[in-house]
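Student: Provided below for reference: sequence and predicted model.
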Amino acid sequence: MRARLLVLGSMAALAACSAERPAAIPAPPVSPPATNPPAGMQYLYGSGEAAALSAQVYRALVGYAAAMVKARPTDSVVLAEGATLAAPTFAPCGDKPFAAMFDVDETVMLNTGFEYHDARTGKGYDAAAWDAWEKTGEGAVGPVPGADRALAALRAMGVTVVFNTNRSAANADATVRAIRAAGLGEAVHGQTLFLSGDDAMGSRKDGRRATIAARYCVIAMGGDQLGDFSDLFNGAGQSVRARRAATMQAPIAGLWGNGWFVLPNPVYGSGLKGGFDEVFPADTRWTAPVK
């Protein structure tokens, strides 16, 4: 399941704790509910800037895909088995039909209802709540700005849209309904929808990507996490700075906007890591002059 920021302390947990205390010991004060959503949620779900950025990404993706359909590339944009970030090789296309592969959550579909629940309760990510959301949340989702039009344009040019998401295979039917409710078209589990639990790799997506690339010439991929492009970005023990550097080293750096397309997500995920020393290296710091 998805990794999340613990946005606020759990009010319910605090209330339960105070109820167990002896009467002579005063309960700690309970913080009032937040008056505004966290900044990342304000940006992703509320700002025009995020909407414009997402629409920009999707416009570029459709233009790139149209050029690839015309050119008929030799290789897909899915890394081949045994590839490394330093020496990437790609699954061959042959005469396979074209496809574009997308993560779902915060890539093509906004989980607005769940994030409202998350922000208002302050509980942070909870597996049971997310499972309930997968099963019942189809009425409170929407398309990432530009995604609905982009997917329709891809299908119109003969490119199959394939979803590769870490939503649970046990909730496949509900995810199909949510994708449809968001205006993103139809998905068929095992054909154009691949989910966590479809193989033995858990939340890692390389196995599912290989299955998809064996059937299709994947000419574009979209995601909001580096793991939506390769599990190699999430190697054990990799530092924040090394992971960032890996995205900017040739030849991987040449894939961004050129087969691999990243959507913004400041709310949760693998990109929200790092202490001061990792985020702000010593040679980049500034201190205000003493007056």
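Tutor: Thanks, I have it.
Student: mind listing the helices for this structure?
Tutor: Secondary structure of the chain (DSSP state H): helices located at 11-19, 39-41, 48-71, 112-121, 127-136, 147-156, 172-181, 206-215, 240-248, 276-279.
Student: Can you tell me which of those helices is nearest to residue 101?
Tutor: Taking Cβ to Cβ, helix 206-215 is the member of the helices of the chain nearest to residue 101, at 5.9 Å. No exception for glycine: its C-beta is placed from N, CA and C like everyone else's.
Student: tell me how far the closest one is from the chain's mean position?
Tutor: Relative to its chain's centre, helix 206-215 lies at 18 Å (Cα atoms, centre = their mean, to the nearest Å).
Student: and it, what does it pack onto?
Tutor: For helix 206-215, the elements it packs on are strand 75-79, strand 90-92, strand 98-102, strand 160-168, strand 193-196, judged by 3 or more Cβ pairs under 8 Å, 6 or more residues apart in numbering; DSSP states H and E.
Student: starting at the chain centroid, how far to stretch 205-215?
Tutor: 17 Å.
Student: Check which residues of it are buried.
Tutor: Residues of stretch 205-215 classed as buried by neighbour count (16 or more other Cβ atoms under 10 Å): 205, 206, 207, 208, 209, 210, 211, 212, 213.
Student: try stretch 122-140
Tutor: Within stretch 122-140, the residues that count as buried by 16+ other Cβ under 10 Å are 122, 123, 125, 126, 130, 131, 133, 134, 135, 137, 138, 140.
Student: one step back: got a markdown table for the helices of the chain, with distance to residue 261 too?
Tutor: As requested, those are exported to a markdown table (distance: least, Cβ to Cβ, whole Å):
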| stretch | distance to residue 261 |
| --- | --- |
| helix 11-19 | 39 |
| helix 39-41 | 20 |
| helix 48-71 | 5 |
| helix 112-121 | 22 |
| helix 127-136 | 25 |
| helix 147-156 | 10 |
| helix 172-181 | 19 |
| helix 206-215 | 15 |
| helix 240-248 | 13 |
| helix 276-279 | 25 |
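Student: Same list (those helices) but as a markdown table, adding mean pLDDT.
Tutor: Shown next, in a markdown table, are the helices of the chain (pLDDT from 0 to 100):
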| stretch | mean pLDDT |
| --- | --- |
| helix 11-19 | 35 |
| helix 39-41 | 98 |
| helix 48-71 | 98 |
| helix 112-121 | 96 |
| helix 127-136 | 98 |
| helix 147-156 | 98 |
| helix 172-181 | 98 |
| helix 206-215 | 98 |
| helix 240-248 | 96 |
| helix 276-279 | 95 |
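Student: got a pLDDT number for residue 31?
Tutor: pLDDT, residue 31: 46.
Student: Just put the buried residues of stretch 122-140 in JSON lines and tack on distance to residue 147.
Tutor: As requested, the buried residues of stretch 122-140 are exported to JSON lines (distance: Cβ to Cβ, whole Å):
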{"residue": "122", "distance to residue 147": "29"}
{"residue": "123", "distance to residue 147": "28"}
{"residue": "125", "distance to residue 147": "23"}
{"residue": "126", "distance to residue 147": "27"}
{"residue": "130", "distance to residue 147": "21"}
{"residue": "131", "distance to residue 147": "24"}
{"residue": "133", "distance to residue 147": "19"}
{"residue": "134", "distance to residue 147": "19"}
{"residue": "135", "distance to residue 147": "22"}
{"residue": "137", "distance to residue 147": "17"}
{"residue": "138", "distance to residue 147": "16"}
{"residue": "140", "distance to residue 147": "17"}
